[in-house]
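**Student:** The following block contains a protein sequence and its predicted model.
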Amino acid sequence: MTTLPPLPAPRPKLTSLARQKLPCSPTSIPRSQLIKEKEDIDHYLEVNFKGLSKEEVAAYQNSYTKNICVDLLRDGYHKSFTELFALMEKWEALRERARSRSLLWSQRPLEEQPDKLDHFYYYLTRAEVAERKGYFEDVYNNLYALACYFNNSEDKWVRNHFYERCFQIAQLIKIDGGKKEAEAHGHMGLLFEEDGQLLEAAEHYEAFHQLTQGRIWKDETGHFLNLLACESLLRTYRLLSDTMLENKDYKQAIRILIKASEIAKEGNDKKMEGEASYYLGLAHLAAGEYETALTVLGTYSRVSTELEDDLNLARAYEAIAKVLQSQKNTTEAIQYLKEVVNIARNNFRSLDIVKASTMLGDIYNEKGHYSKASEYFQQAFNTAAELANIPLMDETKVHYGIAKAHQMMLTVNSYVASADLPSLDHLLSWKEGRSDIAPDPVVEESRRATLESLYQTSEDLEEELDNQTNETSASF
């Protein structure tokens, strides 16, 4: 008679997180050792399974998932079984759908992840027992524990399922002053925010903020719930305002950002207040309300100075420079941008150096100061080269090339206009070598003075025209 491997010990009843992976059942014996004669198999089972109940024999033959489901039904946890079975069906449906879209998708089926099944069994049964007794706070805690356990990119839909269950149960808790309900609104807000449903997220965050006002509640990490509510609401309002600004709905964007600023002040957090002022200032800039934008951004710069936050101060200066540039006040804009470059250099913020230097180059290029423009564009290009940022290098290279071409063209034109022998010699030498061509200092100074005079005259004319327009409007 063929020798059989020893039979493992009887499988214990698994009813908690102490569930363990069981030894292989007789059905997992290697193919080469299987007994083919029916009589031998019957004799083997009669000898080795003698005295075991049908349930104990089935424990060896069933899968881990099936044994858990059987335990749930046998012990009377019908609600837990129904919920777990629905989750397993959805799990498998999502696996199949994802596998049809990507050959590289390799999430394991739930029956191959006993730890997750153990967590389902343990917390669902505890929640069901607590719900029978009317202990809704315990129900909430057990469901929230499951949500935290499945808080990962692969199983986020499971987390969201238990966030929704927590929200439903939180409405029934009346003994904690509304803390669980507030937390549940926060979780639901996050759920909708991640799904891109910002209006729904804002509704839940507003309820979260309202329930935590005047409270000193903290979460499990020690953070104040009211501050978390303010941060979440501000983040959602900002995302909503971005969409409104893209659609040129400036009034609505400004309205919602003003509301965000008021909430930030209630939170008594200076940094959060400064952030709200920054985005409100940008909205006023987009709407063309330059004076209001300067006032609001001035608040942001003051807050950053009080907090000694150089990086946010640089961001405030950059935004103020954009407003001044829109007002054609390039002199002050240049001063602010130079401060941005200095702060960025002191804090080793290379990308900020590139950005501010490019803005300075654009201003000087527009004013006709091509030498200065080339200088700042070259600084931006050199910094981008240090970062080995190829796209940024290509962009700054184009700016630098254009400014350099303008600079050389003015020099060539000045030599042509001079129409004397030295100028002709300069042009011939440049044509032979195609190297950089130096301008005549006298001619360059004269040209610069002329350009500045024309620029100032243009500004005076625009200001006079605006005054006449305002007087005409007032008379009507």
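**Tutor:** Great, that's in hand. Computed from a predicted structure; not experimentally measured. Residues are numbered from 1 along each chain as shown.

**Student:** list the contacts for Q252?
**Tutor:** M244 (Cβ atoms under 8 Å, 6 or more residues apart in numbering). C-beta: built from backbone N, CA, C; applies to glycine.

**Student:** What values do phi and psi take at it?
**Tutor:** The phi and psi torsions at Q252 (degrees, to the nearest 10) take the values phi -70, psi -40.

**Student:** Distance check, it against E275.
**Tutor:** 20 Å (Cβ to Cβ, to the nearest Å).

**Student:** ok, now L257?
**Tutor:** 11 Å.

**Student:** With neighbour numbers in mind, choose between those two.
**Tutor:** L257 (27 against 22; other Cβ atoms under 10 Å).

**Student:** Excluding chain neighbours, give the residue nearest to that one in space.
**Tutor:** L280 (4.3 Å; Cβ to Cβ, 6 or more residues apart in numbering).

**Student:** now A344
**Tutor:** The shortest distance from A344 to any non-neighbouring residue, by Cβ to Cβ, 6+ apart, is to D352 (3.7 Å).

**Student:** Return the distance of the one you found relative to N346.
**Tutor:** Using Cβ to Cβ, D352 is found at 11 Å from N346.

**Student:** residues making contact with stretch 343-361?
**Tutor:** 310-311, 313-314, 317-318, 321-322, 325, 334, 337-338, 340-341, 372-377, 379-380, 383-384, 386-387, 392, 396, 399-400, 403.

**Student:** burial measure for the residue nearest to Y250 when sequence neighbours are not counted, as a count.
**Tutor:** Closest residue to Y250 apart from its sequence neighbours, by Cβ to Cβ, 6+ apart: A287 at 3.7 Å. Residues near A287, counting by other Cβ under 10 Å, number 17.

**Student:** I figured A287 hits K248, correct?
**Tutor:** No. Between A287 and K248 there is no contact under Cβ atoms under 8 Å: 9.1 Å.

**Student:** shaky segments in the stretch 101-250 of the chain?
**Tutor:** Scanning the stretch 101-250 of the chain for pLDDT under 70 picks out 101-107.

**Student:** Counting neighbours, go ahead and name the busier of D352 and N346.
**Tutor:** Legend: neighbour count by other Cβ under 10 Å for D352 and N346, higher for D352 (20 against 10).

**Student:** What backbone torsions are found at the more buried one?
**Tutor:** Dihedral angles (degrees, to the nearest 10) for D352: phi -70, psi -40.

**Student:** Please renumber the chain so that the first residue is 43 from this point on.
**Tutor:** All right, first residue 43 from here; so that's D394.

**Student:** Could you list the domains of this structure?
**Tutor:** The chain breaks down by automatic domain parsing into domains covering 43-103, 411-494.

**Student:** least reliable of those going by mean pLDDT?
**Tutor:** Note on the domains of the chain: domain 43-103 shows the lowest mean pLDDT, a mean of 47.

**Student:** Tell me who's in contact with the residue lying closest to K293 once chain neighbours are set aside.
**Tutor:** In space, and not counting its chain neighbours, K293 is closest to A329: 7.6 Å by Cβ to Cβ, 6+ apart. Going by Cβ under 8 Å, 6+ apart, A329 touches 292-293, 295-296.

**Student:** Farthest-apart pair in those, please.
**Tutor:** Greatest spacing in the contacts of A329, by Cβ to Cβ: K293 and A295 (7.3 Å).

**Student:** burial measure for E288, as a count.
**Tutor:** 10.

**Student:** nope, L322 is what I was after
**Tutor:** If we define neighbours as other Cβ under 10 Å, then L322 has 27 of them.

**Student:** Which secondary structure state is assigned to it?
**Tutor:** Under DSSP: H, G, I helix; E, B strand; the rest coil, the three-state class of L322 is helix.

**Student:** where does it sit relative to S465, distance-wise?
**Tutor:** In this structure, L322 and S465 are 55 Å apart, going by Cβ to Cβ.

**Student:** The nearest residue in space to T334 that is not next to it in sequence: helix or strand, and which one exactly?
**Tutor:** Nearest residue to T334 in three dimensions, chain neighbours excluded: H326, at 4.6 Å (Cβ to Cβ, 6+ apart). Per DSSP states H and E, H326 falls inside helix 312-328.

**Student:** Which strands or helices does that helix pack on?
**Tutor:** Identification of packing neighbours for helix 312-328 by 3 or more Cβ pairs under 8 Å, 6 or more residues apart in numbering; DSSP states H and E yields helix 267-288, helix 292-308, helix 332-348, helix 352-368.

**Student:** Flag every buried residue along that helix.
**Tutor:** 312, 314-328 (16 or more other Cβ atoms under 10 Å).

**Student:** Could you do stretch 211-221 as well?
**Tutor:** 211-212, 215, 220-221.

**Student:** Reformat these as CSV; add distance to E248 and secondary structure.
**Tutor:** Listed next are the buried residues of stretch 211-221 as CSV, based on distance: Cβ to Cβ, whole Å; DSSP: H, G, I helix; E, B strand; the rest coil:
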residue, distance to E248, secondary structure
I211, 21, helix
A212, 16, helix
I215, 20, coil
G220, 14, coil
K221, 17, helix
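
**Student:** The residue nearest to L299 touches T334, doesn't it?
**Tutor:** No. The pair L322 / T334 is not scored as a contact, 9.0 Å apart, by Cβ under 8 Å.

**Student:** coming back round to it: quick check: phi and psi at the residue nearest to Y292.
**Tutor:** phi -80, psi 0.

**Student:** ok, it to R277 distance?
**Tutor:** 22 Å.

**Student:** Y418 now?
**Tutor:** For Y418, the distance to R277 (Cβ to Cβ) stands at 35 Å.

**Student:** Run a quick check on Y418 versus N424, I expect a contact.
**Tutor:** No. With contact defined as Cβ under 8 Å, Y418 does not reach N424; the gap is 10.7 Å.

**Student:** So between these two, which is more surrounded?
**Tutor:** Set Y418 next to N424 and count neighbours by other Cβ under 10 Å: Y418 wins out with 27 against 15.

**Student:** That one: helix or strand, and which one exactly?
**Tutor:** Assigned by DSSP H and E, Y418 belongs to helix 412-429.

**Student:** Pull out the buried residues from that helix.
**Tutor:** For helix 412-429, the neighbour count (16+ other Cβ under 10 Å) marks 412-423, 425-426 as buried.

**Student:** Likewise for stretch 257-271?
**Tutor:** Quick answer for stretch 257-271 (16+ other Cβ under 10 Å): 259, 266-268, 270-271.

**Student:** got a markdown table for the residues you listed, with distance to A249 too?
**Tutor:** A markdown table is the format used below for the buried residues of stretch 257-271 (distance: Cβ to Cβ, whole Å):
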| residue | distance to A249 |
| --- | --- |
| W259 | 14 |
| F266 | 17 |
| L267 | 12 |
| N268 | 13 |
| L270 | 13 |
| A271 | 9 |
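
**Student:** Okay then, goodbye and thanks.
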